[in-house]
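Asker: next input, structure requested:
(one chain, ligands or ions: 1)
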Amino acid sequence: MPERVEDGAGYPTARTVEDFAHNLAVVSARIESALRRAGREGEAVQLLPVSKTVPEDRIRLAAAAGCTVFGENKVQEAKRKWHNLSDLDVQWSVIGHLQTNKAKDVAEFAAEFQALDNARAAEALDRRLQALGRQLDVYVQVNTSGEQSKYGLPPDAVIDFLKTLPSYSALRVRGLMTIALLSSDIERVRPCFRLLRRLRDQAREADLIGDGGLSMGMSGDYEAAIEEGATCVRVGQAIFGARALPDSHYWPTPTAEEPPRPQ
Ligand SMILES: *Cc1c(COP(=O)(O)O)cnc(C)c1O
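Answerer: So this is what the prediction gives:
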């Protein structure tokens, strides 16, 4: 087996199908252990491999190792990969903020959109989907950390927002999504997961969300997220290897033209 290269944050870069198979097996085993610890044995958790910034040749290796869906943060990049990898039997989940002028693209190629957080995006997506005769699975993104730089609805706006979604018949609401506080102290991260779960439970009681999945947990915190009830974990670096760019590159501070909050 070729030598594994250690990069920045301690996640080695996967460069062969065997590397990917190894990383996927490690993550899956950790998911299973976390489920056992939480008394959730036998429950299914979706592992969404996040391939943002990863070149297409390495995504092919991940697909060969068994990945069937990939999460991408930026619409443009996702669309390019969807197009160039159309010979693969894989699906694309958009997990980053949507500018309404990109709704047409998402409606065209995405199997899922996990970052719905405002009425304009819902409206634009629904219109484009209707025109194509398609439906789209969506998660509503919640800002559970209170950090200004994160997109997502404020927690106290979630229930009212969910109430508006049945009028967009092309959107199938699957659950809630969050990016928790980025901290190495997991006990400061857990309250974000717990908050998302409480909101999901409220939405369930109000019959607004069906079963209501919880998409929460990334490379650094997915085991804790599962302990707190995650049904989907979005894992990039632990599968593909460390990214060179800081996370602020992917979650830029919202600008005046694209405010993070619904109007
Ligand atoms: C990048 C990203 C992830 C994955 O983060 P890793 O640290 O690579 O596991 C998960 N969710 C979102 C929204 C992301 O942008």
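
Asker: find the nearest non-adjacent residue to the residue of the chain found nearest the ligand, please.
Answerer: Closest to the ligand within the chain is Gly236: 2.4 Å, counting by C-beta to the nearest ligand atom. Every residue, glycine included, has its C-beta placed from N, CA and C. What sits nearest to Gly236 in space, not counting adjacent residues and going by C-beta to C-beta, 6 or more residues apart in numbering, is Val50, at 3.4 Å.

Asker: show me the contacts for the one you found.
Answerer: Shown in contact with Val50 (C-beta atoms under 8 Å, 6 or more residues apart in numbering): Phe70, Gly71, Glu72, Asn73, Ile95, Met218, Arg234, Val235, Gly236, Ile239, Phe240.

Asker: is stretch 165-177 anywhere near the ligand?
Answerer: No - between stretch 165-177 and the ligand, judged by C-beta under 6 Å from any ligand atom, nothing touches; the nearest distance is 7.6 Å.

Asker: thought Glu123 was touching Tyr168, still the case?
Answerer: Yes - under the criterion of C-beta atoms under 8 Å, Tyr168 is in contact with Glu123, at a separation of 7.0 Å.

Asker: what does the stretch 101-250 of the chain have sitting close to the ligand?
Answerer: By C-beta under 6 Å from any ligand atom, the part of the stretch 101-250 of the chain that sits against the ligand consists of Ile179, Met218, Ser219, Arg234, Val235, Gly236, Gln237, Tyr250.

Asker: from those residues, which land in strands?
Answerer: Helix and strand membership here follows DSSP state E; of these, those in strands are Arg234, Val235.

Asker: just among the residues of the stretch 101-250 of the chain next to the ligand, which is most surrounded?
Answerer: Ranked by neighbour count under the definition other C-beta atoms under 10 Å, these are headed by Ile179 with 27 neighbours.

Asker: phi first, then psi, for the residue lying closest to it once chain neighbours are set aside.
Answerer: Sequence neighbours aside, Lys150 is the residue nearest to Ile179 in space, at 5.9 Å (criterion: C-beta to C-beta, 6+ apart). With angles defined as degrees, to the nearest 10, Lys150 shows backbone torsions of phi -100, psi 140.

Asker: touching, Lys150 and Val142? I think so.
Answerer: No - counting by C-beta under 8 Å, Lys150 does not reach Val142; the two are 9.5 Å apart.

Asker: which of the two has more residues huddled nearby?
Answerer: In terms of neighbours (other C-beta under 10 Å), Val142 is the more surrounded of Lys150 and Val142; the figures are 26 against 22.

Asker: ok, the more buried one - contacts?
Answerer: Taking C-beta under 8 Å, 6+ apart, we find Val142 in contact with Asp117, Gly152, Leu153, Pro154, Pro155, Val158, Leu176, Met177, Thr178, Leu195, Leu196, Leu199.
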